[in-house]
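Q: model the following, please.
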Amino acid sequence: PLYDVAWCANILGIINIYATEQAKQHTQEKEVFRPVLEYMSENIGRNIKLEELASLAYMQPTYFIKRFGKSFGISPLAYFNRMKVYKAMGLLSGTEMSIDDIAKQLGINDTSYFTRMFRKHCNVTPSAYRAEFRSAN
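A: The predicted structure is shown next:
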């Protein structure tokens, strides 16, 4: 029994070391993309090009897409769209801006496209989201 406890402790120690190293590596990998994420946030109202983002990380676009996807689990432009949806959620719940104005503020000139994108991420339309938020408060 004592042997089993020592063996388990060694295995847990190895797992802990591995997990710690993986977390460090993952954090370092995400640090590469910090300028990209900041640029996305600062330019949420624009339609940015993939080439712009790749150049911020000093990578070729195809390699950039691959590394970004490995780090975040989605493509850079999908991540950017998700940021836009989160911003829209804040505007819908915190302002009286029209849905059309919110879409335009996010750089989306087609309100129906904005509605489809919002529904894809939130499973409700922007107007339904706003109504649900208001009824909850």
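Q: C-alpha from now on. contacts and neighbour counts both.
A: Noted.
Q: quick one, phi psi at the closest residue to F33 other than its chain neighbours?
A: Spatial nearest neighbour of F33, chain neighbours left out: A57 (6.3 Å); criterion: Cα to Cα, 6 or more residues apart in numbering. As for A57, its main-chain torsions (degrees, to the nearest 10) stand at phi -100, psi 10.
Q: check the one 3 residues further on too.
A: Taking degrees, to the nearest 10, you get phi -70, psi 150 for the backbone angles of Q60.
Q: the residue lying closest to it once chain neighbours are set aside sits in which helix or strand?
A: Of all residues not flanking Q60 in the chain, A54 sits nearest, at 6.1 Å (Cα to Cα, 6+ apart). For A54, the enclosing helix or strand under DSSP states H and E is helix 50-56.
Q: that helix packs against which elements?
A: The contact analysis (3 or more Cα pairs under 8 Å, 6 or more residues apart in numbering; DSSP states H and E) places helix 50-56 against helix 34-42, helix 61-72.
Q: what's the angle between the shortest one and helix 61-72?
A: Counting by axes from the mean of the first three to the mean of the last three Cα atoms, to 10 degrees, helix 34-42 lies at 90 degrees to helix 61-72.
Q: by contact count, what packs against helix 34-42?
A: Against helix 34-42 (3+ Cα pairs under 8 Å, 6+ apart) you get helix 50-56.
Q: tell me the buried residues in the helix it packs on?
A: For helix 50-56, the neighbour count (16 or more other Cα atoms under 10 Å) marks L53, A54, L56 as buried.
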